[in-house]
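>>> predicted model and sequence below, questions to follow.
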Amino acid sequence: MAPAPIRAATPAVTSTTPTMRPVLLRLRAYMRWPERLIAPLTVAEAPCPSRYARHARRRVDLIAVWPRPSDDRCLDARAADGDDDEARDKHPADRGYALLVRPERIPSSSRPTLDGRTAPRRRPLFAAAAAAASLSLLSTACESPSGAGVRPTAPSVSVQISAARLDIQPADGVLDADPGKGISVSVARGTIVNVTVRTPADPVQGRLARGDRRWHSIRALNTDARYTVVAAAVDRDGRTVTARSTFRTLDPARTFSTHIFQGYRKTYGVGMPVILTFSRPIIRKAAVERSLELQTSKPVVGAWYWDGDQALYFRPRRYWPDHTEVRFVGHLDGVEGAPGVYGTHTLTQRFEIGRSLIAVANTVTHRVRIYLDRRLFGDWPMSAGRPGDDTPNGTYLTMDKSNPERMVGPGYDIEVPWSVRFTSSGNFLHDAYWSVGDQGFANVSHGCVNLSPEHAETYYKLAAQGDPVTITGSPTAGTWGDGWTVWFLTFEQLVRGSALHRAVRAGPHGIVFVDPDTLPPLRARPPLATSRPGNANPA
């Protein structure tokens with residue numbers, strides 16, 4: 001009679017008596033289960049454990065066997081051939097126990113014995129398991145009264161197989177997994193109770209779904225990185241099953257890089273967008289948007305906006321709250337930005353929004369109002385662009401400042417003090433000592449906003465990149481892209497420029513994408529809280 005077959009999926013073990021528990025606990029600790037064990041331990045009852053072992057060892061890595069106490073008849077049967085039915089039938093009640101261990105193939109040098117020493121792979125475990133089991137079982141036998149002539153009863157061991165079936169993707173052994181697909185764990189006839197991911201790369205977070213029957217990582221995995229996933233599930237009867245997968249993500253041949261304009265711990269004005277630029281055209285824009293995270297010290301609602309295929313902005317719905325701390329994380333490593341083109345870096349940055357400084361210049365009244373901390377700070381005379389060189393309408397943002405700034409044009413090449421730029425084409429608010437007599441009365445500049453030396457210096461010392469500057473009353477429309485012109489757009493236009501067509505709620509715990517139709521009406525009033533719709537249109 002052949003021994004009982006070994007099951008393909010090694011089941012968990014439950015024991016109906018406490019004597020087996022120390023054996024299993026010691027062996028599980030020894031094998032570091034479930035971290036370093038492919039399957040749980042298995043105890044099987046066999047007519048003769050040694051005969052069982054001779055057959056079973058062909059298909060498992062390690063095995064320990066022991067007979068019931070004082071089982072001399074089994075010793076006699078082991079002397080017979082494995083197929084000796086006569087020897088088997090002679091003692092039909094003869095039973096024993098076999099412990100099957102299917103360990104992970106780890107170097108023998110790192111495999112400790114029960115006493116903590118390292119040892120060769122097979123023999124010490126066999127001996128330790130058999131010794132531990134024998135001691136456990138013999139302790140039960142020794143409890144019988146001496147000379148009572150009562151044959152001790154072996155412990156009852158029940159093998160229960162979980163009905164749950166786990167599946168992990170990528171599968172074990174894969175060497176070129178697509179990082180953009182992440183990790184997926186699913187279970188049939190059960191629920192997931194634990195998923196652990198070990199990797200030297202960025203930590204992996206995931207979410208349960210479908211009634212705890214599916215788990216998926218939240219973001220893309222890193223490229224060219226090793227991952228080990230260990231999952232556990234239970235069936236309706238509470239029986240546990242575990243599964244494990246070790247794989248590696250692909251090393252892409254083509255990559256893209258990302259740059260953020262903001263500098264570390266730098267301070268910006270209340271109109272400043274987050275500005276990202278990409279080294280290659282991005283086709284899969286939605287995947288890139290999903291990988292981006294903002295944490296803000298104060299609640300902010302905004303949206304991402306694509307300006308072509310290589311520039312992306314985040315702009316708030318209204319101006320940033322004063323003194324907001326912002327942390328940006330671009331989880332771009334592993335994101336496929338275009339077919340076969342992957343990001344390979346996680347981009348992080350911290351910056352701050354400072355105090356509110358807003359300038360509103362009217363080319364008709366020849367005056368500029370300066371609002372500091374959302375209160376009127378100054379109402380100054382100025383001179384805008386003369387006819388033909390009109391300063392264009394629109395809500396711009398200050399881009400940089402110089403003292404002095406060299407300006408070159410038709411008939412002039414001069415160094416201009418206290419100059420703050422607000423367009424790429426060369427419009428500034430600056431000191432124009434030569435036009436003080438015209439300021440407040442006429443537009444005589446080549447397109448800049450001329451100020452007196454005193455007022456220009458005051459504004460210069462307050463200004464930071466990203467402060468709003470609005471020009472009104474001009475017959476000339478503003479040009480999109482002539483500077484940071486995201487405030488030309490209404491919020492509805494901004495959302496339409498997102499690949500996801502979603503608004504973003506940001507706060508201390510990150511972002512949530514929301515349907516823009518669910519947002520409450522915007523109560524912000526221009527010019528102190530937002531820009532006016534159509535602000536770039538000509539007067």
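Good, I have the coordinates.
>>> going by C-alpha atoms from here, please, whenever you check contacts or count neighbours.
Will do.
>>> low-confidence ranges in the protein?
Low-confidence segments of the chain (pLDDT under 70): 1-159.
>>> could you redo the last one with a cut-off of 90?
Applying pLDDT under 90 to the chain picks out residues 1-161, 409-411.
>>> ok, which stretches of it are helices?
Here the chain has its helices, by DSSP state H, at 20-31, 49-56, 72-79, 85-90, 123-141, 285-290, 453-462, 491-496.
>>> any idea how far residue 402 is from the residue nearest the centre of the chain?
Among the residues of the chain, the one closest to the centroid is residue 219, at 4.5 Å (CA atoms, centre = their mean). Counting by CA to CA, to the nearest Å, the separation of residue 219 from residue 402 is 42 Å.
>>> check residue 520 too.
Residue 520 is 41 Å from residue 402, by CA to CA.
>>> what about these two, which has more around it?
Using other CA atoms under 10 Å as the criterion, residue 520 and residue 402 rank with residue 402 on top: 14 against 7.
>>> partners of the closest residue to residue 301 other than its chain neighbours in the sheet?
Take residue 301 and drop its neighbours on the chain: the residue closest to it by CA to CA, 6 or more residues apart in numbering is residue 505, 4.6 Å away. Listed by DSSP bridges, the beta-bridge partners for residue 505 are residue 301, residue 512.
>>> quick check: the residue nearest to the centre of the chain touching residue 332?
No - taking contacts as CA atoms under 8 Å, residue 219 lies outside contact range of residue 332: 9.0 Å.
>>> which residues do those two both contact?
Residues touching both residue 219 and residue 332 (CA atoms under 8 Å, 6 or more residues apart in numbering) are residue 291.
>>> how many residues are close by residue 311?
For residue 311, using other CA under 10 Å, the count is 17.
>>> what residues are up against it?
So residue 311 contacts 275-278 (CA under 8 Å, 6+ apart).
>>> of those residues, which belong to strands?
275-278 (DSSP state E).
>>> for those residues, which one is nearest residue 260?
Taking CA to CA as the measure, residue 276 is the one of these closest to residue 260, at 4.6 Å.
>>> how near is the closest one to residue 220?
Taking CA to CA, one finds residue 276 at 19 Å from residue 220.
>>> neighbour-wise, which of those two wins?
Using other CA under 10 Å as the criterion, residue 276 and residue 220 rank with residue 220 on top: 22 against 17.
>>> the more buried one contacts residue 330, correct?
No - the pair residue 220 and residue 330 fails to qualify as a contact (CA under 8 Å) at a distance of 11.1 Å.
>>> quick check: neighbours shared by those two?
Common neighbours of residue 220 and residue 330 (CA under 8 Å, 6+ apart) are residue 291.
>>> ok, how many other residues are close to residue 184?
When neighbours are counted by other CA under 10 Å, residue 184 comes out with 17.
>>> contacting residues for the closest residue to it other than its chain neighbours?
What sits nearest to residue 184 in space, not counting adjacent residues and going by CA to CA, 6+ apart, is residue 216, at 4.6 Å. Counting by CA under 8 Å, 6+ apart, residue 216 touches 182-185, 206-208.
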